[in-house]
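> Just the structure for this:
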Amino acid sequence: MKKITLMMFGLIQTLVYSQTQDLTTLAAGDHVGMNALFDDKDNLYGYVSLYSYGKSGDKTKKFEYVILDKNLNPVANKEFEGDITAASYLGYVDFKGQIILKPSMMDYSLVKSKEVFTPVSMVIDPKTNSITRKLYYDYLENGTFKEINEPKSWKEQRKENRDEKKEKGYNYVSAVGELKEGGYFAVEYKDYGKYENSNSLIRFDENKKEVWRYKYNTEGSKKLYTTLSVLERDENFMYCIMKKVNDRQKTFSLLVLDMKTGKEKSNKPVTGLSDDTIDNIESFYSGYRKMDNDKTFDDKVVLLGRNYDDSQSVGFARMIVNKSDFSVDTKAINYEPNISAFLPKLNRLGMVESGYMLQTKDMYFMNDGSVGILSEKYKPEGQYSAPKTTDLVYIYTDKDFKVKNVQVFEKEKSKWVNSDYLFSQYLNGGKDVVFFYRDYQKDETTKQKRWNLFINTIIDGKFKQEIIPISEKDNYAVTPYVGKEGYILLREYNEKEKFNKIRLEKLNY
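Residues are numbered from 1 along each chain as shown. Sure thing, here's the model as predicted:
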């Protein structure tokens, strides 16, 4: 383990600034958030910082965005009118290269409860530095599109749903999205409350003319029904898990649809895992947080889910969908005996010593099909005790999804902190990975606690760790965040003194 020193002014004094930016001076409004922007290849595009100026109309609130490049240089900014119920926004880059500001928090304080509505997203065109409200479409039961200009209040929506259910016996549900290849895609079904049927996937051209329609679950009932979960889609095919239920019996298959015609290209059974495991393979929740549990490569789609036995989570399952022949490979590893062979105190349900459990924090997908799984020892809050975290545990698997090794990163116990894990980045075009965590440790000489930043790289399958000691001024918080490759972004913050600066620091890997 190699210990290195980080060049940070104000944190380690004799050293110098690198790229810096003062968020408080970029705009006059109240700073309400900042996040990283990534392109469709998961490369860092830059950052967006948001500022609020408060209420500007009966249904509007004034905001300002500032776009920073990945070197923290401001490249664009503009004030805009957002919805009054938006507290802040998170930005992302869509397939058109536009920056979408999606409301991330609701503000209920400026409207009456009966007037609350869901705020809409905003669309920034980086080429012109213009911003507009995102245009939404509703696909109606009569086969027409309706443009949604202003969102309805939640109270209005509930009334409309009640009235429709009373009249028809069901609610017609649809959702519309744009396609990268051009045109639109919609899903529709009839919701009867305890079951649904008349499901369709529909593709439209740029003029909203129907190109094809794939129908399923046409006569669905409580005991006999079919569902589809879309795993991935590209310009040629859509890959879905089809589940057919007949009372308590379930069967699963990989359904592949031709994106140009809507016809079935393949429909092969999916086996080798329990029903509960396959049923939940497309999603992974940990600590009430939905995780990104898949990665698409040129030749395959790799997913990681929980492995279930009699409704209990007993390990992990990997599914690989091969794009060349539409075959499916399924494999599983369990806490016992696969992982406990390297971590003896682990039981079959993922519990370790003293009431701690392994809580999954992140997962890393490599192009050979191997998956890295990072967990943290976590003890939930009790009636008279605080939630706690201790060591991080990294599980190495090989291309055949067998456990190669388990690495334990010992760290001090943290209370009232749900995680000391910070974030991760892929390196070298997605071939390698680096992840970061923090740990408060007591200095052997001064006996004072300060926190260290741990930088962990896995390059060409080899693990390496670097440690950076971080010193905080009194009442100043230092928060690490994702930076461009080879760098980390550090935010130093003090609300009372209105100090809010970020900087990039070079790393040695």
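
> Out of all residues in the protein, which is the farthest from the middle?
When distances are taken from the C-alpha mean of the chain, residue 445 lies farthest, 41.5 Å away, according to CA atoms, centre = their mean.

> Could you check how far that one is from residue 341?
Per CB to CB, to the nearest Å, residue 445 is found 40 Å from residue 341. Yep, even glycine has a C-beta here, placed from its N, CA and C like the rest.

> related to what we said a few turns ago, measure the residue farthest from the centre of the chain to residue 499 for me?
According to CB to CB, residue 445 stands 29 Å off from residue 499.

> again with residue 155
Distance, residue 155 to residue 499, using CB to CB: 42 Å.

> Kindly report the same for residue 492.
For residue 492, the distance to residue 499 equals 7 Å [CB to CB].

> tell me, what's touching those two both at once?
Residues touching both residue 492 and residue 499 (CB atoms under 8 Å, 6 or more residues apart in numbering) are residue 476.

> Give me the three-state assignment for the residue nearest to residue 455 when sequence neighbours are not counted.
Leaving aside its sequence neighbours, residue 455 sits nearest to residue 466 (CB to CB, 6 or more residues apart in numbering; 4.3 Å). Here residue 466 is recorded as strand under DSSP: H, G, I helix; E, B strand; the rest coil.

> who's residue 466 bridged to?
Bridge pairing for residue 466 (DSSP bridges) gives the partners residue 2, residue 455.

> what kind of secondary structure is residue 155 in?
Under three-state DSSP, residue 155 comes out as helix.

> OK, contacts around it?
114-116.

> so where do the strands sit in the stretch 201-350 of the chain?
Using DSSP state E, counting those that start in this stretch, the strands assigned to the stretch 201-350 of the chain run over residues 210-216, 224-233, 237-246, 249-258, 264-269, 285-286, 289-290, 294-296, 300-309, 312-322, 328-334.

> Save these as TSV, and put in distance to residue 349 and mean pLDDT too.
Formatted as TSV, these follow (distance: least, CB to CB, whole Å; pLDDT from 0 to 100):
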stretch	distance to residue 349	mean pLDDT
strand 210-216	36	98
strand 224-233	26	96
strand 237-246	26	97
strand 249-258	23	97
strand 264-269	29	97
strand 285-286	15	94
strand 289-290	20	92
strand 294-296	25	94
strand 300-309	10	97
strand 312-322	6	98
strand 328-334	10	98
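
> hang on, the earlier thing: out of the contacts of residue 155, which comes closest to residue 506?
Proximity of the contacts of residue 155 to residue 506, judged by CB to CB, is greatest for residue 116, which lies at 46.4 Å.

> rewinding a little: any idea which of the strands of the stretch 201-350 of the chain gets closest to residue 379?
Across the strands of the stretch 201-350 of the chain, residue 379 has its closest neighbour in strand 285-286 (14.8 Å, CB to CB).

> mind checking how far the closest one is from the chain centre?
Averaging C-alpha positions (CA atoms, centre = their mean, to the nearest Å) puts strand 285-286 11 Å from its chain's average.

> In the sheet, which strands lie alongside that strand, parallel or antiparallel?
According to DSSP bridges, strand 285-286 has the following sheet partners: strand 289-290 (antiparallel).

> Residues contacting the partner strand, please?
283-284.

> when you give positions from now on, start the count at 20
In the new numbering, first residue 20, that becomes strand 308-309.

> Tell me the gap between that strand and the middle of its chain.
7 Å.

> If you average the pLDDT over stretch 519-528, what comes out?
Stretch 519-528 shows a mean pLDDT of 86.

> ditto for stretch 197-204
For stretch 197-204, mean pLDDT rounds to 95.

> swap in stretch 93-105?
Mean predicted confidence for stretch 93-105 is 97.

> Same question for that stretch: list its buried residues.
93, 95-96, 99, 101-105 (16 or more other CB atoms under 10 Å).

> I'd like those laid out as JSON lines, including distance to residue 309 and secondary structure.
Shown next, in JSON lines, are these (distance: CB to CB, whole Å; DSSP: H, G, I helix; E, B strand; the rest coil):
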{"residue": "93", "distance to residue 309": "32", "secondary structure": "strand"}
{"residue": "95", "distance to residue 309": "31", "secondary structure": "strand"}
{"residue": "96", "distance to residue 309": "32", "secondary structure": "strand"}
{"residue": "99", "distance to residue 309": "29", "secondary structure": "strand"}
{"residue": "101", "distance to residue 309": "25", "secondary structure": "strand"}
{"residue": "102", "distance to residue 309": "24", "secondary structure": "strand"}
{"residue": "103", "distance to residue 309": "28", "secondary structure": "coil"}
{"residue": "104", "distance to residue 309": "23", "secondary structure": "coil"}
{"residue": "105", "distance to residue 309": "22", "secondary structure": "strand"}
